[in-house]
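Asks: For reference, the sequence and a predicted model appear below.
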Amino acid sequence: MGFPGTWMTESQSVVYRVVPKCACSTIGQVMFYSDHGRFFDGDIHDATEGLHKWSQERSQPLIEANVKGHKSYSFTCVRNPYTRILSSFFDKICGIQRNGKRYRGNLVPLLIQKYGIEVGDPENGFEFDQIKSFRRFLLFARDTIRWRRPMEPDIHWSAMSGHISTFIVNGGRYDHIFFTEKFNEGIQVVLDAIETPKKVNLKKIPRFNESEGHGPKRAHPVEDYFDDLSMHLVYEIYKRDFQLFHYDFENPANKMPLGEIDLDEVHAKLGE
């Protein structure tokens, strides 16, 4: 199994377990900058040099030795499940991807056919009923996670605890887990704990939102997308995420966590 979704700086100053839709583009660029004093030109997910990634065969033995020996500071980042699944919908389902095509080829046609979802298109300014379509997408996301039908769950909407647990189960240990909603504060803790070849000034770091600008803008407040049934579905999918990372299930309008993350509890519950 190893350590899927794990990135490490070339200097081995720090190790990061990627959780999709949780500021991963910005975190990857901060890591890249901390080694090279410049940002990667393009989407950091496309980088094949300058950063060790588990998906690159040559990086695997280095990452494995580091993580199993806990030689470097290790961290990850989480996000409110309500805003995360909404972001996945607008980016992956409604948006046009970097290659100019729809995400995963036949996925959107399948959703239109089986779940009656509309996604709009750039020609009509992405005009469609966002709330109705999103709630139908939620049913699809639940079906993929609960029954693995009509396809396996996608990394962008599978639970954060699932991503985070593989690192623990295979022998890793986190030194820090922070909230996307308190990004600067959280990444500063990481930077303060490590020695980097290049100094990082967080005030000068732009946000790398690679999903922005290629799909419709969210037309309503977060809470408008979630009625009682939608909240029930979200809880069914993300119960563990709400509990472990202390997000507010009762109020979709509150994106901020209700408490701090207990690392010992995360390791105990996700290491089983």
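Replies: Structure's in. What do you need? Numbering: from 1, shown residues only.
Asks: Return, as residue ranges, the portions of the stretch 101-250 of the chain with sub-threshold pLDDT.
Replies: Across the stretch 101-250 of the chain, the ranges flagged by pLDDT under 70 are 210-213.
Asks: How about residue 179, nearest residue that isn't a chain neighbour?
Replies: residue 257 (5.5 Å; C-beta to C-beta, 6 or more residues apart in numbering). Glycine gets a C-beta too; all of them are placed from N, C-alpha and C.
Asks: same check, this time on residue 82
Replies: Nearest residue to residue 82 in three dimensions, chain neighbours excluded: residue 252, at 4.6 Å (C-beta to C-beta, 6+ apart).
Asks: Check that neighbour and give its pLDDT.
Replies: Looking at residue 252, its pLDDT stands at 98.
Asks: what's the closest non-adjacent residue to residue 103?
Replies: residue 92 is the one closest to residue 103 (C-beta to C-beta, 6+ apart), at 4.5 Å.
Asks: Which stretches in the stretch 51-200 of the chain count as helices?
Replies: 60-68, 81-88, 107-115, 130-147, 160-169, 183-193 (DSSP state H, counting those that start in this stretch).
Asks: Could you export those as JSON lines, including distance to residue 122 and mean neighbour count?
Replies: Formatted as JSON lines, those follow (distance: least, C-beta to C-beta, whole Å; neighbours: other C-beta atoms under 10 Å):
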{"stretch": "helix 60-68", "distance to residue 122": "39", "mean neighbour count": "16"}
{"stretch": "helix 81-88", "distance to residue 122": "19", "mean neighbour count": "22"}
{"stretch": "helix 107-115", "distance to residue 122": "13", "mean neighbour count": "15"}
{"stretch": "helix 130-147", "distance to residue 122": "16", "mean neighbour count": "18"}
{"stretch": "helix 160-169", "distance to residue 122": "31", "mean neighbour count": "20"}
{"stretch": "helix 183-193", "distance to residue 122": "30", "mean neighbour count": "16"}
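Asks: would you turn those helices into a markdown table with distance to residue 270?
Replies: Converted to a markdown table, these look like this (distance: least, C-beta to C-beta, whole Å):
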| stretch | distance to residue 270 |
| --- | --- |
| helix 60-68 | 15 |
| helix 81-88 | 16 |
| helix 107-115 | 28 |
| helix 130-147 | 17 |
| helix 160-169 | 4 |
| helix 183-193 | 19 |
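Asks: circling back: my read: the residue nearest to residue 82 touches residue 228, true?
Replies: No. Residue 252 lies out of contact with residue 228 (C-beta atoms under 8 Å); the separation is 11.1 Å.
Asks: More neighbours: which of those two?
Replies: residue 252 (23 against 6; other C-beta atoms under 10 Å).
Asks: what sits against the more buried one?
Replies: 82, 222, 223, 225, 226, 231 (C-beta atoms under 8 Å, 6 or more residues apart in numbering).
Asks: Can you tell me which of those is nearest residue 133?
Replies: Using C-beta to C-beta, residue 225 comes nearest to residue 133 of these, at 9.8 Å.
Asks: Next up, the contacts around that closest one.
Replies: 86, 130, 131, 134, 135, 252.
Asks: just these now: which is nearest residue 61?
Replies: Relative to residue 61, the closest of the contacts of residue 225 is residue 86; by C-beta to C-beta it sits at 38.4 Å.
Asks: right, and the closest one touches residue 219 too?
Replies: No. With contact defined as C-beta under 8 Å, residue 86 does not reach residue 219; the gap is 11.5 Å.
Asks: right, and residue 118 touches residue 129 too?
Replies: Yes. Using C-beta under 8 Å, residue 118 is in contact with residue 129, at 6.5 Å.
Asks: Between the two, which is the more surrounded one?
Replies: Neighbours were counted for residue 118 and for residue 129 using other C-beta under 10 Å; residue 118 has more, 16 against 12.
Asks: Please work out how many residues are found near the residue nearest to that one when sequence neighbours are not counted.
Replies: Nearest residue to residue 118, sequence neighbours excluded (C-beta to C-beta, 6+ apart): residue 128, at 4.0 Å. Using other C-beta under 10 Å, residue 128 is surrounded by 17 other residues.
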